[in-house]
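Asks: Model the following, please.
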Amino acid sequence: MKINSARQAAVSAITSYWPTERPLNFLDTPMKDLFGRNVFSDCVMRDRLPKAVYKALQRTIRYGAVLDHAVADVVATAMKDWAIEKGATHYAHVFYPLTGATAQKHDSFLSPDGKGGAIAEFTGSQLIQGEPDASSFPSGGLRTTFEARGYTAWDVTSPAYILENPNGTTLCIPTAYCSWTGEALDKKTPILRSMQALNRQAQRVLKLFGHENPEIVHATAGAEQEYFLIDRNFFYSRPDLIICGRTLFGAEPAKGQELEANYFGVIPERVLAFMLEAERELYKLGVPVKTRHNEVAPCQYEIAPIFENANVATDHQHLTMNVLQRLANKYGLSCILHEKPFARVNGSGKHLNWSLGTDAMNLLEPGDTPHENAQFLVFCAAVIRAVHKNSELLRASIAHAGNDHRLGANEAPPAIISIYLGDQLTDIFEQIEKGVARSARTPGELRVGVDTLPPLPRHAGDRNRTSPFAFTGNKFEFRAVGSSQSIAGPLVILNAIVAESLDYMATELEKATKGDPKKLNAAVQKLLKSVIKKHKAVIFNGDNYADAWHKEAEKRGLPNLRTTVEAMEAIEKDEYYELLSRYGILSKREFGSRNEIYTERYYEDIRTEGRLCLEMARIHILPSAYRYQGELAATASSLKAIGKDIDLTSLNQMNQLISEMEKNIAVLSDVMKKDVRGKPLVLARYALEKIIPAMNEVRRVADAMEDLIADDLWPLPAYSEMLFIK
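Replies: From the prediction side, this is the model:
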């Protein structure tokens, strides 16, 4: 294969790749001893804290009791000693500003002792509160640039941990982040608020069902992370991957994913070595990763954890993304988290598994007789009502430029939010709507037809992989979340809308029973019948990809918000501002600021892509086209000079494509130069309606050129190389 020198060097480096470091010794520490080794966990606290301090701290962690400063001082000292024993010289308050990335401020434990030496200090005040500059983070108008004071506050419910580096370690403390006015400037604060609101409303329902002193109800989550791995030689040869995280150009290869051979296939050796070390690092950080496998597209993979409390799951999800991207380089790879890095093959999502329960019970567990499990049915119906009533808000929570490439394609749920319940639950709720549920479909057994294989237990219903919001046994799976985004936003909205729905359910049941538990059953039956009759339109168990569903959804009145712009426009309603402020999750100012930030981010992402598309077309693609045009013209001239017949088909095609490219570059240039002003939604709509179509036209011609231009003249690694040379 004759290719240009840069691409040839990349292919040569890949095919001759050999690990530069010794393999890890996976036998030195048993996995069970490795897990949580770098976490200031419950067992570490129990060993290192005085009993009274430990119990006081547990009351804060488990029951939300106010943390005493004297307790914080003792905890800080124990945490410092533990961290220093593990090689730490600094501590860092870790937080999640509205950039969507992880942020840290590092401070040394050491302070001068006044005698020419230094002492290691770490007080309760330093543990509880930090003060990073707030002037350069997005605030959506909550703060002006000259108002710089911001605070980080220790999230005592999420354990501190040690982050290792080849030259040392750092004590990392998960924190919330707010402004001097107390307004949230981060993604963690609203999660904690939403979990608190959800707990309050869930406990009201539990008390109606006879739980006199119910335990705290937690929102729990586990996010399946999809990602691509390509050799970093290819990655660094593609300006679009470096800057935008996705390819702005790329012709369709002869082979894509048509053979469906990659899904759950044998993991390539280099990739598996990377996965093993990534899992090892995550185990040390207490991240309970459980699953790894090949995904559908070539070079696409997945890692998935088990459930944790929602705020801890969010912290661990950020850690997972950071570890994947950091360790990929060690193996000569680049980890790509963009939702659609390669056109015409599957994009990447982050399926968010969500549930709620106490330490003792999962409130979305149907049990063996779900038709008789009134408590489960009330909680399940509350989720159905919440999603139907607030589908626009839920859709907006996963709206951003990257996810627009994925949603609605044939590997991802459509932008229409619907719920898959499965045959068993759908049948039960249909019975309730008609009167009373008296039966439930039984799971039964699956017989494979091979005598040596035992009968297998079969679930009461199949799975629907096309549904954006599916019930999967004892949880809901929100499959529309994008692979690059924090799960914080979707969790906040899920918790908020379910809290509102549980508030409604509890209020209606309290009014109907008036404190008499004997009236509960009749009240539940009446309420469930009313909720299902009003909100059953959101339940759909069929093929969400089918055109027929889009028409049916329109008849049902379900919104189809295809783009981020449509989604952000749809939530500019008083009812959504009021809902979030009513439960103390986001004030109207905080919610408005977030909408402004996310809309501005959409515009800036598209504008960056537009500028780079223009640059690459001008300095990479068009010069290659000119060179090939020159070669074709020279060949034609030489043949004509010796009297040979000339076939000008290729030259004419090249001339036509160059003419189109020059025209499309001019159009995109004019679009990018236009001085667009106005509110963020005005800018975002301009990006949607002007910049994106102009970029698409440039790409259309560039991809056609790639299929025509001689391979040794094409400047960018091709899809066939990036996806299949491993």
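
Asks: All the strands of the stretch 1-150 of the chain, residue numbers only.
Replies: With DSSP state E, counting those that start in this stretch as the criterion, the stretch 1-150 of the chain has strands at 88-95, 103-108, 110-112, 118-120, 129-130, 150-154.

Asks: for the longest helix along the chain, packing partners?
Replies: The residue-count maximum for a helix in the chain (DSSP state H) belongs to helix 588-616. On a contact count with 3 or more CB pairs under 8 Å, 6 or more residues apart in numbering; DSSP states H and E, helix 588-616 meets helix 239-244, helix 401-404, helix 564-570, helix 574-582, helix 649-673, helix 680-686, helix 692-706. C-betas here are computed from N, CA, C, even on glycine.

Asks: Let me have those helices in CSV, extended by distance to Thr507, mean pLDDT and mean neighbour count.
Replies: Converted to CSV, these look like this (distance: least, CB to CB, whole Å; pLDDT from 0 to 100; neighbours: other CB atoms under 10 Å):
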stretch, distance to Thr507, mean pLDDT, mean neighbour count
helix 239-244, 48, 97, 18
helix 401-404, 35, 95, 26
helix 564-570, 27, 97, 22
helix 574-582, 13, 97, 16
helix 649-673, 52, 97, 16
helix 680-686, 35, 96, 19
helix 692-706, 45, 98, 20
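
Asks: Of these, which is nearest Asp28?
Replies: Between Asp28 and the helices and strands packed on helix 588-616, the shortest gap by CB to CB is with helix 239-244, which sits at 36.3 Å.

Asks: Check what contacts the next helix or strand after that closest one and list those residues.
Replies: Beyond helix 239-244 on the C-terminal side, the first helix or strand identified by DSSP states H and E is helix 269-284. Applying CB atoms under 8 Å, 6 or more residues apart in numbering, the contact partners of helix 269-284 are 17, 19, 23-24, 26, 31, 34-39, 164, 229, 267, 289, 292, 301, 303, 316, 319-320, 323-324, 327-328, 330-333, 726.

Asks: now do 6 Å
Replies: Applying CB atoms under 6 Å, 6 or more residues apart in numbering, the external contacts of helix 269-284 come out as Leu34, Phe35, Arg37, Asn38, Leu229, Val289, Arg292, Val323, Leu324, Leu327, Tyr331.

Asks: quick one: the next helix or strand after it to helix 269-284, angle?
Replies: Downstream of helix 269-284, the next assigned helix or strand under DSSP H and E is strand 289-294. Orientation of strand 289-294 against helix 269-284 (axes from the mean of the first three to the mean of the last three CA atoms, to 10 degrees) gives an angle of 170 degrees.

Asks: What's the first helix or strand after strand 289-294?
Replies: Strand 289-294 is succeeded, C-terminally, by strand 300-305 (DSSP H and E).

Asks: what are the pairing partners of that next one, and which direction each?
Replies: Within its sheet, strand 300-305 is paired with strand 218-231 (antiparallel), strand 289-294 (antiparallel), according to DSSP bridges.

Asks: Pick out the most distant pair among the contacts of helix 269-284.
Replies: Pairwise distances across the contacts of helix 269-284 (CB to CB) peak at 26.3 Å, for the pair Arg37 and Leu229.

Asks: So if I had to pick from these two, which one is more boxed in?
Replies: More neighbours surround Leu229 than the other of Arg37 and Leu229, with 22 against 16 (other CB atoms under 10 Å).

Asks: Please report phi then psi for the nearest residue to the more buried one once chain neighbours are set aside.
Replies: Closest residue to Leu229 apart from its sequence neighbours, by CB to CB, 6 or more residues apart in numbering: Leu333 at 4.8 Å. Main-chain dihedrals, Leu333, degrees, to the nearest 10: phi -120, psi 160.

Asks: how close does Leu333 get to Ser720?
Replies: Leu333 is 18 Å from Ser720, where distance means CB to CB, to the nearest Å.

Asks: And those two? Which one has more around it.
Replies: Neighbours were counted for Leu333 and for Ser720 using other CB under 10 Å; Leu333 has more, 25 against 17.

Asks: State the pLDDT value of the more buried one.
Replies: Note on Leu333: pLDDT of 94.

Asks: For it, name its beta-bridge partners.
Replies: Asp231.

Asks: Tell me how far it lies from Phe234.
Replies: Leu333 is 10 Å from Phe234, where distance means CB to CB.

Asks: same question, Tyr54
Replies: From Tyr54 across to Phe234, the span is 52 Å (CB to CB).

Asks: out of the strands of the stretch 1-150 of the chain, which comes closest to Val387?
Replies: Ranking the strands of the stretch 1-150 of the chain by distance to Val387, with CB to CB as the measure, places strand 88-95 first at 29.8 Å.

Asks: hmm, back to that, mind putting the strands paired with strand 300-305 in TSV, distance to Ala694 included?
Replies: Shown next, in TSV, are the strands paired with strand 300-305 (distance: least, CB to CB, whole Å):
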stretch	distance to Ala694
strand 218-231	27
strand 289-294	36
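
Asks: still on that earlier bit, now restrict the contacts of helix 269-284 to buried residues only.
Replies: Among the contacts of helix 269-284, those classed as buried by 16 or more other CB atoms under 10 Å are Leu34, Phe35, Arg37, Asn38, Leu229, Val289, Arg292, Val323, Leu324, Leu327, Tyr331.

Asks: Please flag which of those residues sit within helices.
Replies: Among these, the members found in helices (DSSP H) are Leu34, Val323, Leu324, Leu327.

Asks: What average pLDDT does stretch 530-543 get?
Replies: Averaged across stretch 530-543, pLDDT comes to 95.

Asks: my bad, should have said stretch 214-229
Replies: Per-residue pLDDT over stretch 214-229 has a mean of 96.

Asks: and what of stretch 133-144?
Replies: For stretch 133-144, mean pLDDT rounds to 74.

Asks: what's the offset of it from the middle of its chain?
Replies: How far stretch 133-144 lies from its chain's middle: 24 Å, per CA atoms, centre = their mean, to the nearest Å.

Asks: which residues are contacting it?
Replies: For stretch 133-144, contacts defined as CB under 6 Å, 6+ apart pick out Pro97, Leu98, Thr145, Ala148, Gly150, Ser179, Glu183, Leu185, Ser593, Glu596, Ile597.

Asks: Return the distance of the nearest residue to Cys244 once chain neighbours are set aside relative to Glu566.
Replies: In space, not counting the residues next to it along the chain, Cys244 is nearest to Glu609; the distance is 5.3 Å by CB to CB, 6+ apart. Applying CB to CB, the value for Glu609 to Glu566 is 19 Å.

Asks: and what of Val287?
Replies: From Val287 to Glu566 the distance is 35 Å (CB to CB).

Asks: again with Ala120
Replies: In this view, Ala120 and Glu566 are 54 Å apart by CB to CB.

Asks: what's the answer for Gly332, then?
Replies: From Gly332 across to Glu566, the span is 41 Å (CB to CB).

Asks: low-scoring pLDDT stretches of this structure, where are they?
Replies: For the chain, the stretches with pLDDT under 70 are 1-6, 134, 144-148, 409-411, 443-453, 455-463.

Asks: please redo it, this time with the cut-off set to 50
Replies: Along the chain, segments meeting pLDDT under 50 span 1-2.

Asks: returning to that earlier point: of the strands paired with strand 300-305, which approaches Leu352 most closely?
Replies: strand 218-231 (5.2 Å).

Asks: On the C-terminal side of the closest one, identify the next helix or strand.
Replies: Downstream of strand 218-231, the next assigned helix or strand under DSSP H and E is helix 232-235.

Asks: Distance from that following helix to the middle of the chain?
Replies: Mean-position distance between helix 232-235 and its chain equals 24 Å (CA atoms, centre = their mean).

Asks: Quick check: which helices or strands does it pack against?
Replies: helix 5-15, strand 333-336 (3 or more CB pairs under 6 Å, 6 or more residues apart in numbering; DSSP states H and E).

Asks: cutoff 10 Å now
Replies: Here helix 232-235 touches helix 5-15, helix 239-244, helix 310-330, strand 333-336, helix 719-724, going by 3 or more CB pairs under 10 Å, 6 or more residues apart in numbering; DSSP states H and E.

Asks: about what we covered before: may I see the contacts of helix 269-284 organised as JSON lines, with distance to Ile191 added?
Replies: What follows is those, written out as JSON lines (distance: CB to CB, whole Å):
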{"residue": "Leu34", "distance to Ile191": "28"}
{"residue": "Phe35", "distance to Ile191": "24"}
{"residue": "Arg37", "distance to Ile191": "26"}
{"residue": "Asn38", "distance to Ile191": "23"}
{"residue": "Leu229", "distance to Ile191": "30"}
{"residue": "Val289", "distance to Ile191": "21"}
{"residue": "Arg292", "distance to Ile191": "27"}
{"residue": "Val323", "distance to Ile191": "21"}
{"residue": "Leu324", "distance to Ile191": "22"}
{"residue": "Leu327", "distance to Ile191": "27"}
{"residue": "Tyr331", "distance to Ile191": "33"}
